[in-house]
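>>> A structural model of the following input is requested.
(one chain, ligands or ions: 1)
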Amino acid sequence: MSDAVQTQSSNAAFTKRVFSGIQPSGDLHLGNYLGALKRFAGAQNQGIETVYCMVDQHAITVWQDPAELKRSTRELAAGFIASGIDPEKSILFNQSQVAEHAQLAWVFNCVARMGWMQRMTQWKDKAGKNSQNASLGLFAYPSLMAADILVYHATHVPVGEDQKQHLELTRDIAIKFNNDYGVEFFPVTEPVIEGAATRVMSLRDGTKKMSKSDPSDASRINMTDDADTIAKKIRKAKTDPEALPSEAKGLEERPDARNLVNIYAGLADMSVDEVLRDVGGKAFSEFKPMLADLAVAKLSPISTEMAHLMENQDEIDAILRKGADSARAIATPILEKTYDIIGMVR
Ligand code: TYM
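Next comes the predicted model:
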């Protein structure tokens, strides 16, 4: 827990607003889809105000090839739209287009404490043994993430399990700012970590997270993989020799088996128990083709639509510019008020 004093318990004064972001670094994969993207459209379709962002400034905390960053950003935008984000209903844009994120991040750099950042497991994992050589941006990463969220006064943030600690830090920053200045200006954001697949694991090792940075492409299903590749990766996924259990309890010591069942549940919108009621007792030789068929049925329409959208990049850029204008309309007054609270002459 942080040094921040927990005083503010309710966000009653704030309108419900959802924010989330994804880094445009490398390919979008099944973990991003099930842990985050798939759930973004749900909030939008319930009529909640939704703000979604490609976080390119987070991406450059580690080296990105400039041409590849542009391509990945547009492809990620296509991924959002193909997964059901409607730019007429949600605000969709690229982080660096709205300068207020970086401006508020500077304020939060002065609120957050070094010790808070040092405790972040993602910092420890990414910086590794050679932390002296990591970028300053990588260290301050969670402060920019807090700014992404709080510059919209967002109350809810749908993410996968791996972002939980960063969201706790976002809450600590909001609470410390509010306490330091004697205001209730920033909401204490709720993480929304829901569903069967909040932590999708590597297909090669069920104890490791599925990740863009895994050197083995066979460890993940990319949203741009074709049907044959998806089927092949699932066929080769690591499993154990036993048949599937009929209750979730039976998966406890079986990380590879549990991962495949979680993926099935996430794709089918079922609970793990419901899946096991149907497939309990089956061997993997029978279950894997079922999973491959389901994955292809759910993911192929998305990858086809992404490829189609990528044929017209000007249109993607126009959508992002319009989204950025709408985002700025919310962020600018919140940043101005922040500056006023902290005593900056404007
Ligand atoms: P990023 O780009 O690594 O991942 C984007 C989203 O995908 C989720 N995710 C997963 N979910 C389940 N299983 C997995 N294996 C898996 N891998 C990734 C992540 O939890 C995330 O929801 N710091 C964030 C980006 C960010 C952000 C924000 C998120 C920047 N500002 C503000 C929310 C709000 C990140 O690196 O996510």
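
>>> domain ranges for the chain?
Split into domains by automatic domain parsing, the chain comes to 3-198+312-342, 217-308.

>>> span of the shortest one from start to end?
Terminal residues of domain 217-308 lie 24 Å apart, using Cα to Cα, to the nearest Å.

>>> and it, does that touch the ligand?
No - interface with the ligand: domain 217-308 contributes nothing (Cβ under 6 Å from any ligand atom), its closest point being 8.1 Å away. Every C-beta, even on glycine, is put in place using the N, C-alpha and C of the backbone.

>>> centre of the chain to that domain, how far?
With Cα atoms, centre = their mean, to the nearest Å as the basis, domain 217-308 stands 21 Å off its chain's centre.

>>> average pLDDT across it?
Taken as a whole, domain 217-308 has a mean pLDDT of 96.

>>> rewinding a little: most tightly packed of the domains of the chain?
Compared across these, domain 3-198+312-342 shows the largest average neighbour count, a mean of 19 (mean count of other Cβ atoms under 10 Å).

>>> centre of the chain to that domain, how far?
For domain 3-198+312-342, the distance to the chain centre is 9 Å (Cα atoms, centre = their mean).

>>> quickly check: that domain near the ligand or not.
Yes - counting by Cβ under 6 Å from any ligand atom, the ligand is contacted by domain 3-198+312-342 at 19-23, 31-32, 34-36, 55, 58, 145, 148-149, 157, 159-160, 162-163, 166, 198.

>>> which of these fall within helices?
Secondary structure of these is defined by DSSP state H; positions in helices are 31-32, 58, 145, 148-149, 166.

>>> between those residues, which is nearest residue 118?
residue 166 (13.8 Å; Cβ to Cβ).

>>> rebuild the ones in helices among the residues of domain 3-198+312-342 next to the ligand as CSV, extending it with pLDDT.
Shown next, in CSV, are those (pLDDT from 0 to 100):
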residue, pLDDT
31, 97
32, 97
58, 98
145, 98
148, 99
149, 98
166, 98
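
>>> looking at those, spot the one nearest the ligand.
residue 31 (2.6 Å; Cβ to the nearest ligand atom).

>>> touching, the closest one and residue 160? I think so.
Yes - between residue 31 and residue 160 there is a contact under Cβ atoms under 8 Å: 6.5 Å.

>>> give the residues shared as contacts by those two.
199-200 (Cβ atoms under 8 Å, 6 or more residues apart in numbering).

>>> okay, strands next: where are they in the protein?
All strands of the chain, identified by DSSP state E, fall at 17-22, 49-54, 91-94, 156-158, 190-192.

>>> elements contacting the third one?
Looking back up the chat, that one is strand 91-94. Here strand 91-94 touches strand 49-54, helix 66-82, helix 313-342, going by 3 or more Cβ pairs under 8 Å, 6 or more residues apart in numbering; DSSP states H and E.

>>> got it, and the second one?
Using 3+ Cβ pairs under 8 Å, 6+ apart as the contact test, the elements touching strand 49-54 are strand 17-22, helix 38-45, helix 66-82, strand 91-94, helix 313-342.
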